[in-house]
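> have a look at this fold, sequence not included:
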């Protein structure tokens, strides 16, 4: 007897429907085909134990299971429940007239209870697209899948609930979430606030500009000057995520199993801070069967690279293309996967190996050769892709001892959001551009026109600092953002003058 059950497989950040065909015939043997990985091949042991412990069994007949399409590799243990129900239905141990109306996924424990799996959200999106009636999955994944409107989601704790539903007509409890209500309810404010930062007014100004235009930024300063503290507070002044951004971000985190149990949409912008020993595959994504890397997990949020020169040079170099294109493409012999990676890069570094560049009071100094070697770990093309370079100086005791709080993140965020709204209106006819940092050369020429005096100022800076063409574009973008924060329609000389100041590493005396 032949029975079909539907499951799903995640490929990149998108899902595909898998048809599991179970055929029972005269003979002996258990044959599983359709490019299953080892976790799926081992499923017959888990299924046999789970069925036996719940009063069922795998009969001693020839069982052939095909996972179609047969040329697409299937991974993970989430097909246990699908295979088990297919076997029970094909051997007439349960009634299953409407089995094909559902997408069914879940990993079985030996006692029949269900374990969560990765990628429930993209699977639910695909199920709705295919017109599937319902999605049966472990209760731990139910909220995540129920984000998708127009799809019935049933969270179950064990296989007996599913068997009783099909065999005895016992209804399953549907998980219902009002997506918009859930999203706005969880827009809690981050725990880190700029009011905790003492002094550093010029750096706060830089962070505000970076947040308003989505610009990449690098902080250069000695140990203890507050670089990490400032970076951790950047998400608190970014505009709240839109519902579309939240869905996009949750989808990526779902693929790698990083969505917390019993939670739905991610309402906070991600903040990722990988260690400097990270490999290039872990940073940009990849592997034999590609998974998203840190830059994709930072999508719509912040990627913080602390102590930038300590990262391996080849690791940093692989970021160059994703920083420009805001997506990363991973190619293998048989397929190509593209992951979104539109993130804000925030990097920090000491100005020298000792950490105390040009500090006469420092007990440790670095020779010019050591400085050159240290700064040479970061390539010029990578620095060119960072819009804002700013020096962070230590906070004097008087500021540290001041008990008054600084300006709060709430107030800064209001100005940032207002500037972003201006940019949204400006780029409303350009579907792939939402803020100034995403402008290409054509848009820069259109929206960052300068008067004669401003152009002469920029020309003088370009010649004196020996800036590249890419740095020229960066200055214009930052100038446009400064103008947006002030509500100005045109980019003026004062805006360009401030933007030029934020190219510290281009100034004479740095990089040897």
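On my side now, so go ahead. The shown structure was predicted, so the numbers you read here are calculated from the model rather than taken from an experiment.
> quick one: terminal-to-terminal distance for stretch 476-496?
For stretch 476-496, the first-to-last residue distance is 7 Å (CA to CA, to the nearest Å).
> show me the contacts for the spatially closest residue to residue 152 that is not a sequence neighbour.
The shortest distance from residue 152 to any non-neighbouring residue, by CB to CB, 6 or more residues apart in numbering, is to residue 134 (3.9 Å). From N, CA and C alone the C-beta is placed, and that goes for glycine too. With contact set as CB atoms under 8 Å, 6 or more residues apart in numbering, residue 134 has these partners: 101-103, 151-154.
> residue ranges with poor pLDDT in the stretch 351-500 of the chain?
When residues are selected by pLDDT under 70, those of the stretch 351-500 of the chain lie in 354-368.
> what are the boundaries of the strands in it?
Assigned by DSSP state E, counting those that start in this stretch, the stretch 351-500 of the chain shows strands spanning 388-391.
> and residue 4, which of the three is it?
strand (DSSP: H, G, I helix; E, B strand; the rest coil).
> that one contacts residue 100, correct?
Yes - between residue 4 and residue 100 there is a contact under CB atoms under 8 Å: 5.7 Å.
> center of the chain, which residue is that?
With distances taken as CA atoms, centre = their mean, residue 297 lies nearest the centre of the chain, 2.3 Å away.
> contact partners for that one?
By CB under 8 Å, 6+ apart, the residues touching residue 297 are 252-253, 256, 258, 270, 272.
> contacts for stretch 270-277?
Outside stretch 270-277, the residues within contact range by CB under 8 Å, 6+ apart are 232, 234-235, 249, 253, 282-283, 294, 297-307, 310-311.
> coming back round to it: got a winner among the contacts of residue 297 for most neighbours?
Within the contacts of residue 297, neighbour counts (other CB atoms under 10 Å) peak at residue 252, which reaches 26 neighbours.
> now residue 198: closest residue in space that isn't a chain neighbour?
Leaving aside its sequence neighbours, residue 198 sits nearest to residue 399 (CB to CB, 6+ apart; 4.8 Å).
> longest strand of the chain?
As assigned by DSSP state E, the longest strand anywhere in the chain is strand 14-25.
> quick one: low-confidence ranges for this structure?
Short version for the chain, where the test is pLDDT under 70: 182-190, 261-263, 354-368, 504-512.
> and of the contacts of residue 297, the nearest to residue 180?
The shortest approach to residue 180 among the contacts of residue 297 belongs to residue 253, at 19.7 Å (CB to CB).
> wait, is that closest one part of a helix?
Yes - counting by three-state DSSP, residue 253 is located in a helix.
> residue contacts, it?
Contacts for residue 253 were tallied using CB under 8 Å, 6+ apart; they are 259, 266, 270, 297.
> how about those in a markdown table, adding secondary structure and distance to residue 433?
Output for the contacts of residue 253, formatted as a markdown table (DSSP: H, G, I helix; E, B strand; the rest coil; distance: CB to CB, whole Å):
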| residue | secondary structure | distance to residue 433 |
| --- | --- | --- |
| 259 | coil | 29 |
| 266 | coil | 23 |
| 270 | coil | 21 |
| 297 | helix | 23 |
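> show me the contacts for residue 392.
Counting by CB under 8 Å, 6+ apart, residue 392 touches 200, 203, 219-221, 225-227, 230.
> swap in 6 Å and give it another go.
Neighbouring residues of residue 392 by CB atoms under 6 Å, 6 or more residues apart in numbering: 203, 219, 221, 225, 227.
> what residues are up against the last one?
Right, residue 227. Neighbours of residue 227 in contact, by CB under 6 Å, 6+ apart: 219, 221, 348, 392.
> now the second one: how far from residue 35?
By that I understand residue 221. Look at residue 221 and residue 35: by CB to CB, to the nearest Å, they are 52 Å apart.
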